[in-house]
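Asker: Mind folding the following:
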Amino acid sequence: MTSPEVEAAITALRAGGLAVIPTDTVYGLACDPERVESVARLSEAKGRTSDQPIALVAASLAALLGCLPELRGRDEAVARELLPGPYTLVFRNTARRYPLLTGSRPDTIGIRVPELTGQAKELLETVEAVAATSANLHGGPDPARLEDVPGELRGIAAAIDGGELPGVPSTVLDLTGAEPSILREGAVPAAEALERVRAGLAE
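Answerer: Below you'll find the predicted structure:
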């Protein structure tokens, strides 16, 4: 049976509102990735500008490929090496899907498939995909606990308490070029991530 917390978060997302959700790294602030007003509300709440990208977070690789079918092939092979897991992967966005999330680079898109359990997994499996970024104010610390999320955000969003999380954001890799590059060190050492990516490309 779905808990009241999860029901409230699903209702908020489907109504164009915001939700604070636990991931496998930090708490995220999420919204419907296809609604202009929702993405604008998320960016405004965090103090971000529209040229800054927001990740598309999917419940599974199957859900991700449903959202971005162009990833099938080489990019899918790379994704399968790392996902689900604490990574944000930047891929080519040849069809220019989800333009609200791509910021100043409409030909690329950042994606996540976190490894979730419990209520967070139930929520994401129900809605399949969200736009999400760390549930902090722009430039602020990444929240490891729900109480670490700024009150300004908790006051305008439904929230799921997933307990204490690792508190280290995802490792970000840019996979749009001939060679993968590191955009942010994070939850997994980038060198380890690159080794796994290259293994996937070599197969």
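Asker: Poorly predicted segments of this structure, please.
Answerer: Applying pLDDT under 70 to the chain flags residues 200-203.
Asker: any residues touching the longest helix belonging to it, and which ones?
Answerer: Longest helix in the chain by number of residues, with DSSP state H as the criterion: helix 190-202. Helix 190-202 is touched from outside by Arg74, Ala77, Val78, Arg80, Glu81, Leu82, Tyr87, Thr171, Leu173, Leu175, Pro180, Ile182, with contacts defined as Cβ atoms under 8 Å, 6 or more residues apart in numbering. In short, each C-beta sits where N, CA and C put it, glycine included.
Asker: now, among those residues, which is nearest to Glu164?
Answerer: Distance to Glu164 across these (Cβ to Cβ) is lowest for Thr171, with 20.1 Å.
Asker: Help me confirm that the closest one comes into contact with Ala187.
Answerer: Yes: using Cβ atoms under 8 Å, Thr171 makes contact with Ala187 at a distance of 5.8 Å.
Asker: These two: which has the busier surroundings?
Answerer: Taking other Cβ atoms under 10 Å, Thr171 and Ala187 do not tie; Thr171 has more neighbours (24 against 17).
Asker: just the strands in this structure please.
Answerer: 18-22, 27-31, 55-58, 87-92, 108-112, 129-134, 157-159, 171-174, 181-184 (DSSP state E).
Asker: Quick one: list the elements packing against the third one.
Answerer: Contact here means 3 or more Cβ pairs under 8 Å, 6 or more residues apart in numbering; DSSP states H and E; on that basis strand 55-58 packs against helix 61-67, strand 108-112, strand 129-134.
Asker: Out of the ones you listed, which is closest to Leu146?
Answerer: Nearest of the helices and strands packed on strand 55-58 (Cβ to Cβ): strand 129-134, 13.2 Å.
Asker: could you check the angle strand 18-22 makes with the closest one?
Answerer: Strand 129-134 runs at 70 degrees relative to strand 18-22, counting by axes from the mean of the first three to the mean of the last three Cα atoms, to 10 degrees.
Asker: what are the pairing partners of strand 129-134, and which direction each?
Answerer: Looking at strand 129-134 with DSSP bridges, its partner strands are strand 27-31 (antiparallel), strand 55-58 (antiparallel).
Asker: before we move on, back to that, check which residues of the longest helix of the chain are buried.
Answerer: Of all the residues in helix 190-202, those buried under the rule 16 or more other Cβ atoms under 10 Å are Ala190, Ala193, Leu194, Arg196, Val197, Gly200.
Asker: Turn the residues you listed into a markdown table, columns for distance to Ser134.
Answerer: As requested, those are exported to a markdown table (distance: Cβ to Cβ, whole Å):
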| residue | distance to Ser134 |
| --- | --- |
| Ala190 | 18 |
| Ala193 | 19 |
| Leu194 | 23 |
| Arg196 | 24 |
| Val197 | 23 |
| Gly200 | 27 |
